[in-house]
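Participant: give me a 3D structure for the following:
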Amino acid sequence: MRKRTQTNLVDVIIPVAYFAVRAILAVMIQTTTHGLVSSLVGSLLFSLAYYGLSAWGKCLANK
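Facilitator: Presented below is the predicted three-dimensional model:
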């Protein structure tokens with residue numbers, strides 16, 4: 001049971017940490033609002049896709 005809880009936490013932590021790091025880098029590097037917004041949206045979409053694929057894979061593995 002403990003291993004499954006740790007796996008669930010890792011599945012959430014990886015996309016959140018990725019988005020946080022990308023957001024910090026985007027704020028530090030971008031000088032225009034358009035570049036900042038597009039960078040944040042891109043990293044958010046990547047994080048959501050990663051989380052969705054990991055949830056879908058977990059569903060398939062539990063069948």
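Participant: excluding chain neighbours, what is closest to Val27?
Facilitator: By the measure of C-beta to C-beta, 6 or more residues apart in numbering, the closest residue to Val27 outside its immediate chain neighbours is Leu36, 6.7 Å from it. (Each C-beta comes from the backbone N, C-alpha and C, glycine too.)
Participant: ok, now how distant is the spatially most central residue of the chain from Gly57?
Facilitator: By C-alpha atoms, centre = their mean, the chain has its centre lying nearest to Pro15, at 2.2 Å. Separation of Pro15 from Gly57 (C-beta to C-beta, to the nearest Å) stands at 14 Å.
Participant: now Val21
Facilitator: From Val21 over to Gly57 the distance is 23 Å, taken as C-beta to C-beta.
Participant: what of Ala49?
Facilitator: Counting by C-beta to C-beta - Ala49 and Gly57 are separated by 12 Å.
Participant: what of Leu9?
Facilitator: Here Leu9 is placed at a distance of 16 Å from Gly57 (C-beta to C-beta).
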